[in-house]
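*Asks:* What shape does this take:
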Amino acid sequence: MIKNKRGQIWVETVIYILIALIMIGAVLAFVNPKIRQIQDKLTLDKTVELLDELNSKITEVAAGTANKRIVNIEIKKGELKIEPDKIIYTLDESRVAYSEPVAESDNTFVSTGKLVQVRTVKKGDVYTVQLKIEPSDVKLIYPGSALTKSSSSYKLALTNTGNNEINIELIS
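*Replies:* Model (predicted):
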(Lines give C-alpha, C1' and ligand atoms only; values in the text may rest on other atoms or scores of the structure.)
Protein backbone atom coordinates (compact mmCIF):
# COMPACT_ATOMS: atom_id res chain seq x y z
CA MET A 1 0.00 0.00 0.00
CA ILE A 2 2.88 2.41 0.77
CA LYS A 3 4.58 1.61 -2.56
CA ASN A 4 1.31 2.34 -4.33
CA LYS A 5 1.13 5.87 -2.81
CA ARG A 6 4.76 6.61 -3.77
CA GLY A 7 4.04 5.67 -7.36
CA GLN A 8 0.93 7.82 -7.36
CA ILE A 9 2.91 10.84 -6.10
CA TRP A 10 5.48 10.47 -8.90
CA VAL A 11 2.78 10.11 -11.55
CA GLU A 12 1.03 13.25 -10.26
CA THR A 13 4.33 15.15 -10.18
CA VAL A 14 5.11 14.23 -13.79
CA ILE A 15 1.59 15.19 -14.90
CA TYR A 16 1.83 18.59 -13.16
CA ILE A 17 5.22 19.25 -14.76
CA LEU A 18 3.85 18.35 -18.21
CA ILE A 19 0.84 20.63 -17.72
CA ALA A 20 3.15 23.49 -16.67
CA LEU A 21 5.41 22.96 -19.71
CA ILE A 22 2.41 22.89 -22.05
CA MET A 23 1.12 26.17 -20.56
CA ILE A 24 4.54 27.82 -20.89
CA GLY A 25 4.76 26.63 -24.51
CA ALA A 26 1.30 28.01 -25.28
CA VAL A 27 2.18 31.40 -23.77
CA LEU A 28 5.43 31.55 -25.76
CA ALA A 29 3.59 30.64 -28.97
CA PHE A 30 1.41 33.74 -28.57
CA VAL A 31 4.00 36.13 -27.10
CA ASN A 32 7.04 35.35 -29.29
CA PRO A 33 5.62 36.85 -32.56
CA LYS A 34 4.69 40.04 -30.71
CA ILE A 35 8.21 40.28 -29.26
CA ARG A 36 9.70 39.93 -32.76
CA GLN A 37 7.34 42.58 -34.06
CA ILE A 38 8.40 45.02 -31.34
CA GLN A 39 12.09 44.25 -32.00
CA ASP A 40 11.66 44.98 -35.73
CA LYS A 41 9.85 48.26 -34.97
CA LEU A 42 12.65 49.34 -32.62
CA THR A 43 15.27 48.38 -35.22
CA LEU A 44 13.54 50.51 -37.85
CA ASP A 45 13.08 53.47 -35.47
CA LYS A 46 16.77 53.31 -34.53
CA THR A 47 17.75 53.12 -38.20
CA VAL A 48 15.68 56.22 -39.03
CA GLU A 49 17.62 58.09 -36.33
CA LEU A 50 20.89 56.70 -37.70
CA LEU A 51 20.06 57.81 -41.26
CA ASP A 52 19.09 61.29 -40.00
CA GLU A 53 22.43 61.55 -38.20
CA LEU A 54 24.30 60.27 -41.26
CA ASN A 55 22.54 62.82 -43.46
CA SER A 56 23.44 65.66 -41.08
CA LYS A 57 27.11 64.55 -41.04
CA ILE A 58 27.12 64.49 -44.86
CA THR A 59 25.68 68.04 -44.85
CA GLU A 60 28.38 69.18 -42.39
CA VAL A 61 31.14 67.64 -44.51
CA ALA A 62 29.73 69.14 -47.70
CA ALA A 63 29.96 72.64 -46.17
CA GLY A 64 33.69 72.95 -46.84
CA THR A 65 36.45 71.29 -48.84
CA ALA A 66 38.65 68.86 -46.91
CA ASN A 67 36.10 68.53 -44.10
CA LYS A 68 36.16 65.11 -42.48
CA ARG A 69 33.82 63.38 -40.03
CA ILE A 70 33.79 59.90 -38.49
CA VAL A 71 30.43 58.14 -38.12
CA ASN A 72 29.77 54.93 -36.18
CA ILE A 73 27.10 52.71 -37.71
CA GLU A 74 25.67 49.71 -35.90
CA ILE A 75 23.71 47.19 -37.97
CA LYS A 76 22.09 44.33 -36.06
CA LYS A 77 19.64 43.34 -38.83
CA GLY A 78 19.34 44.11 -42.54
CA GLU A 79 21.83 45.80 -44.85
CA LEU A 80 22.91 49.32 -45.77
CA LYS A 81 23.78 50.19 -49.39
CA ILE A 82 25.56 53.40 -50.29
CA GLU A 83 24.98 54.54 -53.87
CA PRO A 84 26.16 57.77 -55.55
CA ASP A 85 22.86 59.59 -55.02
CA LYS A 86 21.25 57.78 -52.07
CA ILE A 87 21.69 55.52 -49.04
CA ILE A 88 19.20 52.67 -48.64
CA TYR A 89 18.70 50.42 -45.61
CA THR A 90 16.77 47.19 -46.29
CA LEU A 91 15.20 44.93 -43.66
CA ASP A 92 13.90 41.67 -45.13
CA GLU A 93 11.39 39.46 -43.35
CA SER A 94 10.18 42.19 -41.02
CA ARG A 95 7.16 41.40 -38.87
CA VAL A 96 5.99 45.02 -38.98
CA ALA A 97 4.70 47.16 -41.84
CA TYR A 98 6.51 50.46 -41.28
CA SER A 99 4.35 52.21 -43.86
CA GLU A 100 1.43 51.38 -46.12
CA PRO A 101 2.49 48.30 -48.13
CA VAL A 102 2.92 48.77 -51.89
CA ALA A 103 3.28 46.33 -54.76
CA GLU A 104 6.76 44.97 -55.40
CA SER A 105 6.79 46.62 -58.84
CA ASP A 106 5.92 50.01 -57.27
CA ASN A 107 9.25 51.69 -56.52
CA THR A 108 7.84 54.77 -54.79
CA PHE A 109 8.90 55.79 -51.30
CA VAL A 110 6.73 57.61 -48.74
CA SER A 111 8.04 60.49 -46.63
CA THR A 112 8.11 59.93 -42.85
CA GLY A 113 8.03 63.62 -41.99
CA LYS A 114 11.81 63.64 -41.66
CA LEU A 115 14.38 63.34 -44.43
CA VAL A 116 14.01 59.56 -44.42
CA GLN A 117 11.67 57.96 -46.95
CA VAL A 118 10.03 54.54 -46.48
CA ARG A 119 8.88 51.74 -48.76
CA THR A 120 7.15 48.60 -47.45
CA VAL A 121 6.44 45.55 -49.62
CA LYS A 122 4.32 42.66 -48.32
CA LYS A 123 5.67 39.20 -49.07
CA GLY A 124 3.37 36.57 -47.60
CA ASP A 125 3.22 36.99 -43.83
CA VAL A 126 6.29 39.24 -43.67
CA TYR A 127 7.39 42.59 -45.10
CA THR A 128 10.45 44.01 -46.78
CA VAL A 129 11.02 47.53 -45.44
CA GLN A 130 13.39 50.00 -47.12
CA LEU A 131 14.49 53.30 -45.61
CA LYS A 132 16.16 55.83 -47.90
CA ILE A 133 17.90 59.19 -47.69
CA GLU A 134 19.01 61.26 -50.66
CA PRO A 135 21.64 63.81 -49.63
CA SER A 136 21.12 66.87 -51.80
CA ASP A 137 23.71 68.39 -54.12
CA VAL A 138 26.45 65.83 -53.36
CA LYS A 139 27.73 62.68 -54.99
CA LEU A 140 28.64 59.86 -52.62
CA ILE A 141 31.71 57.82 -53.50
CA TYR A 142 31.86 54.48 -51.73
CA PRO A 143 33.92 51.72 -53.36
CA GLY A 144 32.89 48.99 -50.91
CA SER A 145 29.96 46.61 -50.86
CA ALA A 146 26.81 46.77 -48.76
CA LEU A 147 27.18 46.89 -44.99
CA THR A 148 25.45 43.89 -43.43
CA LYS A 149 24.66 42.89 -39.86
CA SER A 150 27.65 42.77 -37.59
CA SER A 151 28.34 42.23 -33.90
CA SER A 152 30.55 45.33 -33.86
CA SER A 153 29.85 48.78 -35.27
CA TYR A 154 31.23 50.07 -38.57
CA LYS A 155 33.33 53.24 -38.65
CA LEU A 156 32.87 55.36 -41.74
CA ALA A 157 35.09 58.32 -42.60
CA LEU A 158 33.26 61.00 -44.60
CA THR A 159 35.60 63.35 -46.49
CA ASN A 160 34.76 66.24 -48.79
CA THR A 161 37.04 65.84 -51.83
CA GLY A 162 35.69 68.93 -53.60
CA ASN A 163 33.39 69.21 -56.62
CA ASN A 164 30.41 68.25 -54.42
CA GLU A 165 31.79 64.75 -53.87
CA ILE A 166 31.86 63.02 -50.49
CA ASN A 167 34.27 60.11 -50.22
CA ILE A 168 33.05 57.43 -47.78
CA GLU A 169 35.70 55.06 -46.48
CA LEU A 170 35.28 52.09 -44.16
CA ILE A 171 37.79 52.31 -41.32
CA SER A 172 38.73 49.03 -39.66
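
*Asks:* can you give me the strands in this protein?
*Replies:* 68-73, 79-82, 87-94, 101-102, 110-111, 117-123, 126-133, 139-141, 147-148, 154-162, 165-171 (DSSP state E).

*Asks:* Looking at these, spot the one closest to residue 51.
*Replies:* Proximity to residue 51 (C-beta to C-beta) singles out strand 126-133 among these, at 4.9 Å. In short, each C-beta sits where N, CA and C put it, glycine included.

*Asks:* So what angle separates the directions of the closest one and strand 87-94?
*Replies:* 170 degrees (axes from the mean of the first three to the mean of the last three C-alpha atoms, to 10 degrees).

*Asks:* Starting from strand 126-133, tell me which strands it pairs with and how they run.
*Replies:* strand 87-94 (antiparallel), strand 117-123 (antiparallel) (DSSP bridges).

*Asks:* could you give me the average pLDDT of that strand?
*Replies:* The predicted model assigns strand 126-133 a mean pLDDT of 94.

*Asks:* Likewise for stretch 49-59?
*Replies:* Mean predicted confidence for stretch 49-59 is 91.

*Asks:* Just the buried residues of it, please?
*Replies:* Buried residues in stretch 49-59, counted by 16 or more other C-beta atoms under 10 Å: 50, 51, 54, 55, 57, 58.

*Asks:* before we move on, what about stretch 158-166?
*Replies:* Buried-residue list, stretch 158-166, by 16+ other C-beta under 10 Å: 158, 159, 160, 166.

*Asks:* which residues sit in contact with residue 90?
*Replies:* 78, 79, 81, 128, 129, 130 (C-beta atoms under 8 Å, 6 or more residues apart in numbering).
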